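Asker: starting from these lines, generate the structure:
(one chain, ligands or ions: 1)
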Amino acid sequence: MSLSKLWDGLNESFDCLSSHFHSLSPNTQKFVITSAGLVTAYFATHCVKDYLHKQRLHEIVEKRQTERNESLRRADEFSRKITEARRNQISNMDFDTLLAALKSGEVKPTEALHTYQWKALQAHKRTNCITLFIKEADDWALQLEKSPPEPRPPLYGMPMSLKECVPVKGYDVTRGYVNECFMPSERDCVMVEQIKALGGIPFVQTNVPQCLLAYSCYNPIYGTTNHQDHKDRTSGGSSGGESALIGAGGSLLGIGGDVGGSIRFPCHFCGIAGIKPSHIRFSHRGVQGSVPGRPLINASDGPMAPDVHTCVEFLKATWSSHFIHERDPYTAPVTWNDKHFTKGNHFTIGYYLDDGWFTPTPALQRAVLESKKILESQGHVLVPFKPPRIKEAIAMFIGAVSVDGGRYLLEHIGNDLMDPRYKSLLGLYKLPFFIQDILRFLVQPIYPRLAHALTAMPRNTSELRKKYEAIEQYRYEYIEEMQKLGLDAILCPVTVTPAPHHEVPVKLFAVVSYTGVFNLLDFAAGTVPVTQVTKADDDALAGYPTIDPWYRLAKETTKGAIGLSVGVQVAAPPFREEVVLRIMQDLENHHKHTDY
Ligand SMILES: CCCCCCCC/C=C\CCCCCCCC(=O)NCC(=O)O
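Answerer: Down below sits the predicted model:
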């Protein structure tokens, strides 16, 4: 339609309305004018309020960025308190060597701290992984130096990094929301209390995606964190600041959190190791996840490190006493079980390459097959395992994190500055249920998996109760399948792709079937790097399915990913964390002696 035609049309409509208006009685005319005025005033007030709110949020971001720059500057200044030669010397130490040097007094806690402040800054330049340095760390290190030389606590002087949502007194837990800036935690969470009691020094907080329910890493306060070697790819999420920092050498040990894979995705993407214990082995007092009120999908904190061995040492130390249970009686009083971890133990392990819901790209399947062979060569018994009803399990997972139909996320992101990349996901949540039903009907023939995801959210309390009942049943069904085969643990892919491009994860949420199932089951689940994407894997992508937009996206983002790290996932029922770690350690030991 040409502009002049449009103009003529508008004029005609206006004339028509105007003649109708003049034919009305004076009182009705007054009523129409007043109502129009009120409606206009309402919308104008709303727009102004919204504008002022956004302005205030931008000011908060600016203030926080100034504070962050000052925090980085200060850390840089402190990191220069030791000579470059000494720093290089400490820098080259692995976890065991540094810990031994700290305990023997060969390295002082302040020296270790200054070295890691410097290394973290270098990692930050590559990845944008740091939110704030913890300025009290210097005092804590000095206090440790002044403490009597014996007995040295197990993590004496070891600098440790924390995902931003692990509460530290005096520091925010923003979860990437601007609205939650400048609301510092009033006390340390139990994990931080324990780290300090063990002699560890929390020294830096790391970036997360806004809302935490994502395996990418960007938010409007601190920006986007990238993979240490590929700016255009994500370091993962939601513990993506941790994986980038550790992957780039800026920390030897960090704490992440996991509700659907937030430790395992980033470890796999960045080529490091990590484990999410079952939630009953760590306290969650004061710890906020993406969405509160998930009785059957709980948050699990856990260690992330360059290697499995460091995770083991950390967990041995934290579970060496009843420290956690004494502070939080809702946790189980279970200490480290060395019998399960003993070297040479042989386990029966169920394995699968494909969960039947989302076929992994070639490198991720190869990683499982090669790990199977390695574990067999070490005396473990590997048997094929078909995880039960994964299609239903993913719907249970989505339903359990969206018990309110996504309201909590919509309200929090809707009232904040939003990264536009979240639009598509929030768009789905925004749709009223009857539109979701229509959409489901329309997409069923071409995109049946999305249609299935659209059935996942409970619509009333009765459906919610049924959802919880279904999860309880699923847990026992899964355990029974394992018991029938005499399985101690499961070996499977971590997800579907290696580190994807930043914008992919929020669209490709369906891959959470591989990680989310173990949150649903509350199993211990960890990730260890075992290989890298090869040219042959890239070529094999030609045969990868393209039957729906999710598959096409997975294929597209995996193209050209040669050299990217690939991990495998190991999982076992609650209180079998040590079994998971033993298997991960066996894989790691094999790779230590053979370059992959
Ligand atoms: C109308 C249907 C809408 C479906 C919307 C799907 C909602 C999200 C479901 C899955 C998200 C998958 C990403 C999970 C990544 C890891 C999340 C995690 O562990 N976060 C930590 C935390 O929550 O604290």
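Asker: and the nearest residue to residue 206 once chain neighbours are set aside, how many neighbours?
Answerer: Distance criterion Cβ to Cβ, 6 or more residues apart in numbering; nearest residue to residue 206, sequence neighbours excluded, is residue 241 at 2.8 Å. (Each C-beta comes from the backbone N, C-alpha and C, glycine too.) Residue 241: 35 surrounding residues under other Cβ atoms under 10 Å.
Asker: touching the ligand at all, the helix or strand harbouring residue 241?
Answerer: Assessed by DSSP states H and E, residue 241 sits inside helix 240-247. No - contact of helix 240-247 with the ligand (Cβ under 6 Å from any ligand atom) is absent, the minimum separation being 10.1 Å.
Asker: quick one: that helix to chain centroid distance?
Answerer: 11 Å (Cα atoms, centre = their mean, to the nearest Å).
Asker: now for that helix, which elements pack on it?
Answerer: Counting contacts by 3 or more Cβ pairs under 8 Å, 6 or more residues apart in numbering; DSSP states H and E, helix 240-247 packs against helix 109-127, strand 130-133, strand 159-163, strand 201-206, strand 254-258, helix 264-270, strand 300-305.
Asker: let's see it at 7 Å
Answerer: helix 109-127, strand 159-163, strand 201-206, strand 254-258, helix 264-270, strand 300-305 (3 or more Cβ pairs under 7 Å, 6 or more residues apart in numbering; DSSP states H and E).
Asker: could you dump stretch 497-507 to PDB, C-alpha only?
Answerer: These are the backbone C-alpha positions of stretch 497-507, laid out as PDB (Å, rounded to 0.1, in the frame of the first residue of the first chain):
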ATOM      1  CA  THR A 497      27.500 -30.100  21.900                       C
ATOM      2  CA  PRO A 498      30.900 -28.700  22.900                       C
ATOM      3  CA  ALA A 499      31.000 -25.100  24.000                       C
ATOM      4  CA  PRO A 500      28.300 -23.400  21.800                       C
ATOM      5  CA  HIS A 501      28.100 -19.800  20.600                       C
ATOM      6  CA  HIS A 502      26.800 -17.300  23.200                       C
ATOM      7  CA  GLU A 503      23.300 -17.000  21.800                       C
ATOM      8  CA  VAL A 504      22.600 -20.700  21.500                       C
ATOM      9  CA  PRO A 505      22.000 -22.100  25.000                       C
ATOM     10  CA  VAL A 506      18.900 -20.000  25.800                       C
ATOM     11  CA  LYS A 507      17.200 -21.400  22.600                       C
END
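Asker: other residues contacting that stretch?
Answerer: Residues from elsewhere that reach stretch 497-507, judged by Cβ atoms under 7 Å, 6 or more residues apart in numbering: 214-216, 218, 224, 227, 230, 232-234, 236-237, 269, 361, 363, 421-422, 424-425, 533, 553-554, 557-558, 561, 564-566.
Asker: for the residue nearest to residue 177 when sequence neighbours are not counted, give its distance to the ligand.
Answerer: Closest residue to residue 177 apart from its sequence neighbours, by Cβ to Cβ, 6+ apart: residue 416 at 5.0 Å. Residue 416 sits 17 Å away from the ligand, going by Cβ to the nearest ligand atom, to the nearest Å.
Asker: likewise residue 526?
Answerer: 14 Å.
Asker: tell me which helix or strand that residue sits in.
Answerer: Per DSSP H and E, the secondary structure element for residue 526 is strand 524-532.
Asker: which residues sit against that strand?
Answerer: Residues contacting strand 524-532 (Cβ under 7 Å, 6+ apart): 264, 267-268, 271-278, 308, 363, 366-367, 370-371, 494, 518, 563-572, 574, 576-577, 580-581, 584, 587-588, 591, 596.
Asker: ok, which of the residues you listed also contact the ligand?
Answerer: Answer for the contacts of strand 524-532 near the ligand: none qualify (Cβ under 6 Å from any ligand atom).
Asker: just the ones in strands from these, please.
Answerer: In this view, the contacts of strand 524-532 that belong to strands under DSSP state E are 273-276, 565-572.
Asker: tell me which residues of stretch 199-215 are tucked away?
Answerer: Within stretch 199-215, the residues that count as buried by 16 or more other Cβ atoms under 10 Å are 199-215.
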